[in-house]
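In: A predicted structure for the sequence below; I have some questions about it.
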Amino acid sequence: MPLYVRSFLSTGPPEEVEQAAREHREHLRKLHRSGHLHLAGEFAHGDGFLEVIRAKDRLEAEALTRSSPLIERGLGSWMLREWVETEFA
């Protein structure tokens, strides 16, 4: 399955972002359980997330991206890019 990098930078009111970020972490747990989450992390200053997700195509990757509570509520900007993992022998 192709990999996609989803990045999110929060720009909304801190109290709204904080609540939605808790829900976003649950969203990530669901993606992990379903096999869609390859890698995930938060930016050091709490202002966003970066994840690598597995999806059958760009349409599925975008649907998974838009299902995040942070994105649904418009609390920041996001980017989705197809990603090719580099393998080192």
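Out: Arrived safely.

In: Do a quick rundown of the strands in this structure.
Out: Remark: strands assigned in the chain by DSSP state E are 3-10, 37-42, 48-54, 76-83.

In: Which neighbouring elements make contact with the first one?
Out: On a contact count with 3 or more Cβ pairs under 8 Å, 6 or more residues apart in numbering; DSSP states H and E, strand 3-10 meets helix 14-33, strand 48-54, helix 58-66, helix 69-72, strand 76-83. (C-beta placed from N, C-alpha, C; glycine too.)

In: Now Val84: closest residue in space, sequence neighbours ignored.
Out: Leaving aside its chain neighbours, Val84 sits nearest to Leu3 (7.2 Å; criterion: Cβ to Cβ, 6 or more residues apart in numbering).

In: What of His32?
Out: Ala40 (7.8 Å).

In: and that neighbour, how many residues sit next to it?
Out: By other Cβ atoms under 10 Å, 17 other residues sit near Ala40.

In: Check Glu16 too.
Out: Counted with other Cβ under 10 Å, the neighbours of Glu16 add up to 14.

In: With Leu59 instead?
Out: If you count neighbours by other Cβ under 10 Å, Leu59 ends up with 9.

In: any idea how far Met1 is from it?
Out: Counting by Cβ to Cβ, to the nearest Å, the gap from Leu59 to Met1 is 13 Å.

In: Next: Glu51.
Out: Here Glu51 is placed at a distance of 15 Å from Met1 (Cβ to Cβ).

In: So which of those two has more stuff around it?
Out: Comparing Glu51 with Met1 by other Cβ under 10 Å, the one with more neighbours is Glu51, at 24 against 13.

In: Is it correct that the more buried one is in contact with Arg6?
Out: Yes - look at Glu51 against Arg6 with Cβ atoms under 8 Å: they come within range, at 4.9 Å.

In: Now do the contacts for Ala21.
Out: For Ala21, the contacting residues are 10, 46, 49, 70, by Cβ atoms under 8 Å, 6 or more residues apart in numbering.

In: Report the lowest-confidence entry in the residues you listed.
Out: Least confident by pLDDT among the contacts of Ala21: that is Gly46, with 85.
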